[in-house]
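In: got a sequence here, can you model it:
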Amino acid sequence: MKTILRIVSSFIVLMLITGNVFAQNDVEKRHYKPRENKVESTHGIAGALEFYSAIRNNPATGTVSPEEIQQAHKQADQLPKGKAMNWQEIGPDNMGGRTRALLIDKNDNTTLYAGGVAGGLWKSESSGSSWIQIFEMAENYAVSSITQDVNGIIYFGTGEGFANIVGTGVSSPGFPGGGIYKSTDATGTSFTQLTATLPSSYSDKWAYIYEMAADPTTAKVYACTNGGLYMTSDGGTTWENPVIYPSTNPYTATSHDVAVASNGAVYAVVGDKVFYSPNGAVGSFEDRSIAGLSASTIGRLEIAVAPSNPSVVYAAVAKYTGSLINVYKSTAAGQNWTIIGPGGSANFNVFGDNNQGMWNNTITVHPTNADKIFFGGIDLWEWEEGGTWLQKSLWFLDPSSVYYLHADHHDLVYDVTNPSIFYHASDGGISRTTDGGNTFNVMNRKYGTIQFYNITANCFDQVMGGTQDNGTLVIPGNLTTEGTAFEFIGGDGGWTSMSYLDPNLIVGTIYYGDAYRSNEFGNAPQTIWDDRVLSIAQDASGNWQSNFSGFVTPMILDEQVNDLNSPDSVYFYADSVNYNAGDTVYVTSNTADYPFSMILPVGVNAYDSLLVQDRAQSRFYVGVRNAVWMTKKLHDFSGAPEWWKIAVINGTSQSMAVSSCGNYLFVGTMSGYLYRISNLALVKDSLDADLQYPTSGTSNPFCIIETQQIYSAGRAITSISVDPNDASRVLITVGEYGNSQYVFMSTNALDQSPTFSNKTGDLPRNPVYGSIIEVNNPNTVIVGTEIGVYSTDNISAASPSWTENNDGLGRFPVFTVKQQTWNYPNNNNFGMIYLGTHGRGAFKSAMYVGVEEIEGNDDVQTLNIYPNPASELTSIEYYADNKADGQINIYNLEGKIVLTRIVDVHSGLNKFDINISELPEANYMIELRVNDISVSGQLIKL
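Out: Residues are numbered from 1 along each chain as shown. Below you'll find the predicted structure:
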């Protein structure tokens, strides 16, 4: 949703570039430093709005009403509380999500309030250096505006109405509000909902509060609503519309902005008009609209009044198409207007090539200089009387640069006690300047408002996810804080993948199927696609086409370390030792050079070789529009992976899941079709997998892949979960308000004609976005919904009973629920549950970690290795039942022992420290042999 803007002055370009060079930070650990190549895209907000509309909106009305949301919360209130999940916030703790409202406490300029559009109300008591969330704000978290009255009482409005008016006309990605809330004490930590502002329907005037402002000398507070400007003078008990226009009736057009001058004069935008009142009294408002503008022209009009001169007011006006009309100034309280910033200029492209003036448009006036303003759109601009427009920021710089501000600006708030300081709110959270807007610092410490579309986690408890307008983020757990994230690729992120076979391999998507991989844990990203796919996905000029895939593209990486169905082979090379039949050896796979163990079926003499089954396998799938693609070469960076078109489907892929055996892939579409794709574990090459001969495009009669539509849910399938222990048990979830069924389960999903049963039970009626079948208990299902997390321990029942699991989390939208089900060597988070919320970042729960494993896995033992990766010293932990002699072996990727050590193993927990400083940087396998038991794990040497 971003586009590079032209700069007014070459001097500014030089300054910004120079500043960026000196702002870069070196990160010593090569596996975890922020990526060096920036990948951005420019598709605008429309795709996100359409995506939300498809998974959230009531199909009968095309919208979401506050009444539907309130009803879901009431149903949730009736449910029992489930087991304490002890949700732990993962992060990111250094990045923020979309923020439309800021306030500096009038009584203490170090106290700030900020509102995330899906992350709630936040407070800082350290000038933005760190933030805490305020939980006491009922069930609605879509904060859109904040103000403070003459007595110091804080008010905030809810409902992100600007998401309704951007091009597509859909009602997302914002959420309808619950009216207005006010603080009940001087600390500004407890709030109550104002009953008079509780909306009853989508069209209710209180469903979306666009802006709020307070009179500095009286008790009057103003609110811009769907039904006009409203004012209260009794603390919010009663409200009235003071704008009487055009004759004797209140003017009920949508009000987008209001500003109160230091003398109590009020400027308000209602419909396409600007009104002025000397005191805000009912009937005192006069039409001070800008000549030459009309309802058919104006899309969004933002105003700002000079604190030092109540007669000086500015207006930034965008068309319905989002482009800039003009920036205006009046020195006579709006009685006349002068153009100071002409629209249509390539050198003053404030709203970008995507024309986002309906989405991001904010303006503010210097506290003591009525002739100086800042204007924010994609980037920040400064203007002063007698001068020219100067661009003050560039969104595409590294966030460590002092000239960086995140794109899409929504609010600018001055510290009136120090005009050198003002704060900036955007799609990337909070920033601050202390030198009058020349340099900036990001102020997102613990401001947990990131909106994840999807997340994943690897076996090392590292997390990665795609976000709304904050790129694809990686939280490795070992940077400045455990929650510190770095951006892998920019734009709007989506599904992600992290490899077990190669812990440095990560994959992320941008909108519409554009995707990148890195085998340097984020450095040097490169496209995942080959020329065949790129010729379909890109136009003749190399631009990505939005009809290739959905806005959020599903993908999944299936890795196997002991695939007995593998059709591939690899050579085991004996060194100077003779090996006997029955010996356990390590063989280097052709996939990621992964060293897997196997028992030799025959003896192998020294320096001889044996062709054996390559049991380490990798299959990577991406679902796009009308097709599913697969590659087995995701780990091979010698060239572009070869892609095979394995299935043709009807519609746009929305969700997917793979069976633990790797043989079945299930794909759900936006239109509600569920497909089963079979025989994947038997695929060796394109002749087995591709529906077409890649060169000719003709049908391939030798393809062994089978695709079958096995269910139709009638609406978007938002998630699919396959029982990790039984591929015939498949659960799906669906979205959209206005329905009674959201969870469906099949126990015969591998049959020719599977059946699905409704398992919604007493689950609150709201969109369900994510799900898992718990790996240790096939009757336990956990789902993520628009109002939080819920679980059942009796999914097999005809009508399951659900419990609420939001303690310590809140009822935020949860788009992803994942569980770590890879019971592989060195997996220290088996059973961990991860949540990707859309507004509160990522969370995890260890509730099911350490639970007794399912039958059939009792003999699986793992070796705990830490730190891992390591450079000097690493340790291993092993629990033994009895005292014994042990031997530690470290193997390189060729299967050769490079370090051996004899150890004494005692009963109980054993810890052995290993000096690896002399080993070259590489991947290794550590093995501990105790009597006839062998346990192992992978080690990364830095």
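
In: in its sheet, which strands sit next to the strand or helix carrying residue 181, and in what direction?
Out: With the criterion set as DSSP states H and E, the secondary-structure element containing residue 181 is strand 180-183. Using DSSP bridges, the neighbouring strands of strand 180-183 in the sheet come out as strand 154-158 (antiparallel), strand 191-193 (antiparallel).

In: from the chain's centre, how far out does that strand sit?
Out: On the basis of Cα atoms, centre = their mean, to the nearest Å, strand 180-183 sits 28 Å off its chain's mean C-alpha point.

In: how about JSON lines for the strands paired with strand 180-183, with distance to residue 933 and mean neighbour count added?
Out: For every residue, glycine as well, the C-beta is placed using N, CA and C. Supplementary listing: the strands paired with strand 180-183 in JSON lines, determined by distance: least, Cβ to Cβ, whole Å; neighbours: other Cβ atoms under 10 Å:
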{"stretch": "strand 154-158", "distance to residue 933": "59", "mean neighbour count": "28"}
{"stretch": "strand 191-193", "distance to residue 933": "59", "mean neighbour count": "17"}
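
In: what residues are up against residue 669?
Out: For residue 669, the contacting residues are 649-654, 675, 716-717, taking Cβ atoms under 8 Å, 6 or more residues apart in numbering as the criterion.

In: which ones among those residues map onto strands?
Out: Among those, the members falling in strands are 649-654, 675, 717 (criterion: DSSP state E).

In: beta partners of residue 624?
Out: Beta-bridge pairing of residue 624, defined through DSSP bridges, involves residue 627.

In: would you confirm that it contacts residue 547?
Out: No. With the criterion set as Cβ atoms under 8 Å, residue 624 and residue 547 do not qualify as a contacting pair; they are 9.7 Å apart.

In: residue ranges with poor pLDDT in the stretch 551-700 of the chain?
Out: Filtered on pLDDT under 70, the stretch 551-700 of the chain yields no residues whatsoever.

In: quick one, strands of it?
Out: Applying DSSP state E, counting those that start in this stretch to the stretch 551-700 of the chain gives strands spanning 555-560, 569-573, 584-588, 595-599, 609-613, 617-631, 644-658, 665-669, 673-678.

In: highest average neighbour count across those?
Out: Per-stretch averages of neighbours, counted by mean count of other Cβ atoms under 10 Å, single out strand 665-669 among the strands of the stretch 551-700 of the chain, with a mean of 27.

In: that strand pairs with which strands, parallel or anti?
Out: strand 644-658 (antiparallel), strand 673-678 (antiparallel).

In: turn these into TSV, columns for distance to residue 439.
Out: Formatted as TSV, the entries for these read as follows, by distance: least, Cβ to Cβ, whole Å:
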stretch	distance to residue 439
strand 644-658	43
strand 673-678	52
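
In: okay, now the domains of the chain?
Out: Following automatic domain parsing, one finds the domains of the chain at 98-442, 452-565+614-845, 863-942.

In: show me what stretch 66-79 is in contact with.
Out: By Cβ under 8 Å, 6+ apart, the residues outside stretch 66-79 that reach it are 58, 139-140, 159, 175-178, 198-202, 204, 207, 737-738, 762, 764-766, 786-788, 790, 802-804, 811.

In: which positions in it come out as buried?
Out: 66-70, 72-73, 75-76, 79 (16 or more other Cβ atoms under 10 Å).

In: now swap in stretch 676-692 and tell me
Out: Using 16+ other Cβ under 10 Å as the test for burial, stretch 676-692 gives 676-681, 683, 686, 688-692.

In: can you check stretch 190-204 too?
Out: Neighbour-count burial for stretch 190-204, counted by 16+ other Cβ under 10 Å, picks out 191, 193-194, 197, 199, 202, 204.

In: and those, which two are the farthest apart?
Out: Spanning the widest gap among the buried residues of stretch 190-204 are 191 and 202, at 23.7 Å by Cβ to Cβ.

In: for residue 586, name its beta-bridge partners.
Out: The residues paired with residue 586 through beta bridges, assigned by DSSP bridges, are residue 597.

In: would you single out the least confident of the strands paired with strand 180-183?
Out: Ranked by mean pLDDT, the strands paired with strand 180-183 bottom out at strand 191-193, with a mean of 92.

In: off-centre distance for that one?
Out: Taking Cα atoms, centre = their mean, one finds strand 191-193 lying 29 Å from the centre of the chain it belongs to.

In: the strands paired with strand 665-669: which one's closest to residue 886?
Out: strand 644-658 (36.7 Å).

In: that closest one vs strand 617-631, what angle?
Out: Interaxial angle, strand 644-658 versus strand 617-631 (axes from the mean of the first three to the mean of the last three Cα atoms, to 10 degrees): 120 degrees.

In: could you export strand 644-658 as CSV, CA atoms only?
Out: This file holds the C-alpha atoms of strand 644-658, laid out as CSV (Å, rounded to 0.1, in the frame of the first residue of the first chain):
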residue,chain,number,x,y,z
TRP,A,644,4.5,-28.3,-10.6
LYS,A,645,0.9,-27.5,-11.0
ILE,A,646,-0.7,-30.4,-9.0
ALA,A,647,-4.3,-29.4,-8.8
VAL,A,648,-7.0,-27.3,-10.5
ILE,A,649,-9.6,-26.0,-8.1
ASN,A,650,-12.7,-23.7,-8.3
GLY,A,651,-12.0,-20.3,-6.8
THR,A,652,-9.4,-18.7,-4.7
SER,A,653,-7.4,-20.7,-2.1
GLN,A,654,-8.0,-19.4,1.4
SER,A,655,-6.7,-22.2,3.7
MET,A,656,-4.7,-25.4,3.7
ALA,A,657,-3.4,-28.2,5.9
VAL,A,658,-1.3,-31.3,5.3
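
In: columns distance to residue 580 on top of the domains of the chain, output as TSV?
Out: Rendered in TSV, the data for these read as follows (distance: least, Cβ to Cβ, whole Å):
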stretch	distance to residue 580
domain 98-442	57
domain 452-565+614-845	20
domain 863-942	15
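
In: indicate which one of these is closest to residue 597.
Out: Proximity of the domains of the chain to residue 597 was assessed by Cβ to Cβ; the nearest stretch is domain 863-942, lying at 6.6 Å.

In: how long is that closest one from one end to the other?
Out: End-to-end distance for domain 863-942: 20 Å, by Cα to Cα, to the nearest Å.

In: repeat that for stretch 578-587.
Out: Stretch 578-587 has its terminal residues 15 Å apart, counting by Cα to Cα.

In: about what we covered before: redo the buried residues of stretch 66-79 as CSV? Include distance to residue 710, pLDDT and secondary structure.
Out: What follows is those, written out as CSV (distance: Cβ to Cβ, whole Å; pLDDT from 0 to 100; DSSP: H, G, I helix; E, B strand; the rest coil):
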residue, distance to residue 710, pLDDT, secondary structure
66, 37, 85, helix
67, 36, 88, helix
68, 30, 91, helix
69, 33, 90, helix
70, 36, 89, helix
72, 29, 95, helix
73, 34, 93, helix
75, 30, 97, helix
76, 31, 97, helix
79, 31, 97, coil
